[in-house]
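**Q** the following comprises the amino acid sequence and a computationally predicted model.
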Amino acid sequence: QVQLVESGGGLVQAGGSLRLSCAASENIFRINAMGWYRQAPGKQRELVATITSGGSINYADSVKGRFTLSRDSAKKTAYLQMNSLKPEDTAVYYCNADLKRWFDSGYVNYWGQGTQVTVSS
């Protein structure tokens, strides 16, 4: 069974920091792009940041300069360091990745279960 397991969400005051982690399950042979999306109540899911297998990173304008996305290929894990958090960053954050098991013919896109981030003013 393929899994993306997120951790690190929680409640923080405005101006604070959180670090999210997204770990792919052990049966994953290869990972292409990984990224984070978020969905606030009553809003559509939106891109936060993505990173390719080559290390190219794309950030939403709203998080540039505050959030940093990185990945550890050996650990099959992506990290989202979130600094200077604002109340408008409050949302459920979802990990997303293109994964391939050894017997897959190509990459398959998966979502994590989501982790709540709440920023109080």
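**A** Everything's here; your move.

**Q** quick one: the strands in the chain?
**A** Using DSSP state E, the strands assigned to the chain run over residues 4-7, 10-13, 18-24, 30-39, 46-51, 57-59, 67-72, 77-82, 91-100, 108-111, 115-120.

**Q** check which residues of the fourth one are buried.
**A** By neighbour count on 16 or more other CB atoms under 10 Å, the buried set for strand 30-39 is 31, 33-38. (Glycine included, C-beta is placed from N, CA and C.)

**Q** which outside residues touch stretch 52-65?
**A** 31-33, 46-51, 67, 69, 71, 73, 82, 88-89 (CB atoms under 8 Å, 6 or more residues apart in numbering).

**Q** where in this protein is pLDDT low?
**A** Nowhere does the chain drop to pLDDT under 70.

**Q** distance of the nearest residue to residue 22 once chain neighbours are set aside relative to residue 11?
**A** Excluding the flanking residues, the one nearest residue 22 by CB to CB, 6 or more residues apart in numbering is residue 95, at 3.4 Å. Distance, residue 95 to residue 11, using CB to CB, to the nearest Å: 20 Å.
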